[in-house]
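K.L.:
The following comprises the amino acid sequence and a computationally predicted model.
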Amino acid sequence: MASCPECGGGVPAANVERGEILPCPDCGAELEVRSVEPLVLELAPEIQEDWGE
Ligand SMILES: [Zn+2]
């Protein structure tokens, strides 16, 4: 179990691979696995549609 850098909630992270994106079950943030050992989760850059201005 890893913890979400956004909300601090527990994120199930068994058998994950580096670069994998895990959604946080608590806040819904997308977390990228930056490192497996030790397990490091980082908020994935949000990709948003560019609707123009
Ligand atoms: Zn979270």
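P.N.:
Sure, I can see it.
K.L.:
which residues touch stretch 19-34?
P.N.:
2, 4-7, 9-13, 16-18, 39-44, 46 (CB atoms under 8 Å, 6 or more residues apart in numbering). C-beta: built from backbone N, CA, C; applies to glycine.
K.L.:
Just give the strands next to the host helix or strand of Leu31 in its sheet, each with its orientation.
P.N.:
Leu31 is located in strand 30-35, with elements delineated by DSSP states H and E. When pairs are called by DSSP bridges, strand 30-35 turns out to pair with strand 21-23 (antiparallel), strand 40-43 (antiparallel).
K.L.:
what's around Ala13, how many residues?
P.N.:
Ala13 is flanked by 16 other residues according to other CB atoms under 10 Å.
K.L.:
That one - nearest residue in space that isn't next to it in sequence?
P.N.:
Of all residues not flanking Ala13 in the chain, Ala2 sits nearest, at 4.2 Å (CB to CB, 6 or more residues apart in numbering).
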